[in-house]
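**Q** coords please:
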Amino acid sequence: MDEKVIRELFLAYGTRQEKKKNQFIYDPTVLKSSSEAYFLDQGVAALTSINENGEETVFLYFNEHRIIGFAEILANKYRFPSRINQFLPISAFWLTAKTGCVYYTMKEPVFCRLLDENLIFTNAVLEATSLNYLEIINKVQHTQDVDKETLFCEWLLSCRIHRDSTALVPKVFTFTEVAKYLGMHPVTVSRIAGNLKNQGLLRRTEDGLVITDELRLMEMIHQGRNHQAK
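**A** Numbers count the residues shown, from 1 in each chain. Model prediction:
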């Protein structure tokens, strides 16, 4: 995705918004005159659901420079046959700011027009759709098949943001929250993080966890996947 071009389109046709930690970027209980899509410019957000007891489940984390929240627009634009719709009830999902977030909203008519007229924009939406799908599938598969250290390393990369050439996982994430997302015990998450620190791959600062060697972390992920595949 050409992030610079996509960002410029959202800046030109969208509206700048800010949310604090745990505020909703998208709330399905709030009626709006038109659906919206979002370009997450700064911060980390999450695709979540909330049960009747108010408990939150996180399905995906989104880091910076992602197009998010556009599924409803695509569903409206590319309508499914009615025989399929009856088997695909609409579920309520929230987009929640996990850190302070800056993002740009784009209304459905503009989003659809750009899809029809701008090939770069269309490719970016296709890439975002594919990425979301693959991350969901990988999360389900990897929580069952991949060793816990590889799973945690994948999570680190999915939630990192870049600040002054530094890869940072914001400190808002607790080991309890990460453990719930990855299907582990908090003690296991703490132990893995400690091992990565001892290897010099992580460093704790007042802002969060700094990934000191992204390439090495990616190599560990590939090694873990390859080992599991054998």
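**Q** show me the shaky parts of this structure.
**A** Scanning the chain for pLDDT under 70 picks out the ranges 1, 80-91, 141-146, 226-230.
**Q** spell out, range by range, the helices that occur in it.
**A** Applying DSSP state H to the chain gives helices spanning 3-13, 71-77, 82-85, 108-117, 119-145, 148-159, 175-182, 186-198, 214-229.
**Q** between those, which gets nearest to residue 92?
**A** Of all the helices of the chain, helix 71-77 sits nearest to residue 92, with 11.4 Å by C-beta to C-beta. Placement of C-beta: from N, CA and C, glycine included.
**Q** show me how the chain divides into domains.
**A** Annotated domains of the chain cover 3-136, 146-229 [automatic domain parsing].
**Q** measure the first one end to end?
**A** Across domain 3-136, the terminal residues are separated by 22 Å (C-alpha to C-alpha, to the nearest Å).
**Q** find the centremost residue of the chain, please.
**A** Geometric centre of the chain, nearest residue: residue 62, 1.8 Å, by C-alpha atoms, centre = their mean.
**Q** hey, what's that one bridged with?
**A** Beta-bridge partners for residue 62, by DSSP bridges, are residue 45.
**Q** residue 43: what's its closest spatial neighbour, skipping adjacent residues?
**A** Distances taken as C-beta to C-beta, 6 or more residues apart in numbering put residue 101 closest to residue 43, at 3.5 Å, once the chain neighbours are dropped.
**Q** how about residue 157?
**A** Spatial nearest neighbour of residue 157, excluding adjacent residues (C-beta to C-beta, 6+ apart): residue 217 at 6.5 Å.
**Q** repeat that for residue 18.
**A** Nearest non-adjacent residue to residue 18 (C-beta to C-beta, 6+ apart): residue 102, at 5.4 Å.
**Q** sorry, back to before: can you say which of the helices of the chain is packed in most?
**A** helix 148-159 (a mean of 20; mean count of other C-beta atoms under 10 Å).
**Q** got a list of contacts for that one?
**A** Residues from elsewhere that reach helix 148-159 (C-beta atoms under 8 Å, 6 or more residues apart in numbering): 44, 61, 63, 135, 138, 142-143, 146, 169-170, 173, 178, 181-182, 184, 188-189, 192-193, 195-196, 202, 209, 211, 214, 217-218, 220-221, 224-225, 228.
**Q** could you give the angle of that helix to helix 214-229?
**A** 140 degrees (axes from the mean of the first three to the mean of the last three C-alpha atoms, to 10 degrees).
**Q** distance from helix 148-159 to the middle of the chain?
**A** Chain-centre distance of helix 148-159: 13 Å, with C-alpha atoms, centre = their mean, to the nearest Å.
**Q** repeat that for stretch 109-118.
**A** 23 Å.
**Q** could you export it as CSV, CA atoms only?
**A** Output in CSV follows, covering the C-alpha atoms of stretch 109-118 (Å, rounded to 0.1, in the frame of the first residue of the first chain):
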residue,chain,number,x,y,z
PRO,A,109,-20.1,8.1,-0.8
VAL,A,110,-16.5,9.4,-1.1
PHE,A,111,-15.0,6.0,-0.2
CYS,A,112,-17.1,4.3,-2.9
ARG,A,113,-16.3,7.0,-5.5
LEU,A,114,-12.5,6.5,-4.8
LEU,A,115,-13.0,2.8,-5.1
ASP,A,116,-14.4,3.3,-8.6
GLU,A,117,-12.0,6.0,-9.8
ASN,A,118,-8.7,5.6,-8.1
